[in-house]
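>>> generate coordinates for the sequence data below:
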Amino acid sequence: MKALFISIEFAMAKTFNSAFIPLQIGVLTVSDSRDESTDSSGQLLVDRLTQAGHQLAEKTIVKDDVYKIRAIIANWIASDHIQAVLVTGGTGFTGRDSTPEAVLPLFDKTVDGFGELFRQISHEQIGTSTIQSRAVAGLANGTIVFCMPGSGNACATAWDEIIQSQLTSTHKPCNFVLQLKNTNDDQCDSRG
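Numbers count the residues shown, from 1 in each chain. So this is what the prediction gives:
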């Protein structure tokens, strides 16, 4: 009984002592037509992440080309300071949409639940058209990468409904923060 009490007390102490950990986040817009003045989706993600207390590490716009996308993301994954990457655009089915093909080979582990949950939430907003979203996410070298459609509404849905909480160190029972480079590698509290 005493051991159970100590275990509960330790778990409560961890919960109440958890401090917010600001992350270094890169934002990549994949588009053949946008520039900084018209990149509303990329700017939405920058605004959301900074409002949440994170720091913008890098922001880039790249043409929808598998190798150009892959090169930028590979550099960010290899970086010592970028802990998360948000990619907007290139997840559809047009001939040029190639974000999933660019990033999937880079992942050490895929986060299958991200695409599944994104499409489930999106179904409530856009109906069956959500099946045309190839939103994906994965972990690579201690960096979490989230790829979402290029529309502002899709980015707002992904950030507000899924990503923000998973990049918040105080979110319980689990989040990705402690899995990322330059953070404590403790297990999430639900597996203590």
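>>> what does the strand or helix carrying residue 100 rub up against?
Using DSSP states H and E, residue 100 sits within helix 99-103. By Cβ atoms under 8 Å, 6 or more residues apart in numbering, the residues outside helix 99-103 that reach it are 30, 64, 66-67, 69-70, 73, 87, 89-91, 134, 136, 138, 145, 147. C-betas here are computed from N, CA, C, even on glycine.
>>> quick one: buried ones out of those residues?
The neighbour count (16 or more other Cβ atoms under 10 Å) marks 30, 64, 66, 69-70, 73, 87, 89-91, 134, 136, 138, 145, 147 as buried among those.
>>> okay, who's weakest in these by pLDDT?
Lowest pLDDT within these is found at residue 90 (86).
>>> give me the below-cutoff pLDDT ranges for this structure.
1-18, 184-192 (pLDDT under 70).
>>> show me what contacts residue 159?
44-45, 48-49, 86.
>>> now residue 41
The contact partners of residue 41, by Cβ under 8 Å, 6+ apart, come to 29, 88-89, 150-152, 154-155.
>>> export the contacts of residue 159 as TSV, with columns for neighbour count and secondary structure.
Below are those laid out as TSV (neighbours: other Cβ atoms under 10 Å; DSSP: H, G, I helix; E, B strand; the rest coil):
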residue	neighbour count	secondary structure
44	19	helix
45	28	helix
48	20	helix
49	24	helix
86	28	strand
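>>> returning to what we had before: out of the contacts of helix 99-103, which are inside helices?
The helices, defined by DSSP state H, take in 66-67, 69-70, 73 from the contacts of helix 99-103.
>>> which residues does the residue most central in space within the chain bridge with?
By Cα atoms, centre = their mean, the chain has its centre lying nearest to residue 146, at 3.5 Å. With DSSP bridges applied, residue 146 shows beta-bridge pairing to residue 86, residue 137.
>>> do I have it right that it meets residue 73?
No: counting by Cβ atoms under 8 Å, residue 146 stays clear of residue 73, with 11.3 Å between them.
>>> common neighbours of the two, please.
Counting by Cβ under 8 Å, 6+ apart, the residues touching both residue 146 and residue 73 are 85, 87.
>>> count the neighbours of residue 56 for me.
Residue 56 sits with 15 neighbouring residues when counted by other Cβ atoms under 10 Å.
>>> ditto for residue 135
Residue 135 has 24 nearby residues by other Cβ under 10 Å.
>>> quick one: residues contacting it.
By Cβ under 8 Å, 6+ apart, the contact set of residue 135 is 91, 114-115, 118-119, 146-149, 154, 158.
>>> from residue 110, how far off is it?
12 Å (Cβ to Cβ, to the nearest Å).
>>> before we move on, what about residue 26?
19 Å.
>>> what about those two, which has more around it?
Taking neighbours as other Cβ under 10 Å, residue 26 and residue 110 compare with residue 26 leading, 25 against 16.
>>> kindly export the helix or strand that contains that one (C-alpha atoms) in CSV.
Residue 26 is part of strand 24-30, with elements assigned from DSSP H and E. Only the C-alpha atoms of strand 24-30 are listed here, as CSV (Å, rounded to 0.1, in the frame of the first residue of the first chain):
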residue,chain,number,x,y,z
GLN,A,24,12.4,25.2,-32.3
ILE,A,25,10.0,24.6,-35.3
GLY,A,26,10.6,24.9,-39.0
VAL,A,27,7.8,25.7,-41.4
LEU,A,28,8.0,24.6,-45.0
THR,A,29,5.4,25.6,-47.6
VAL,A,30,5.3,23.4,-50.7
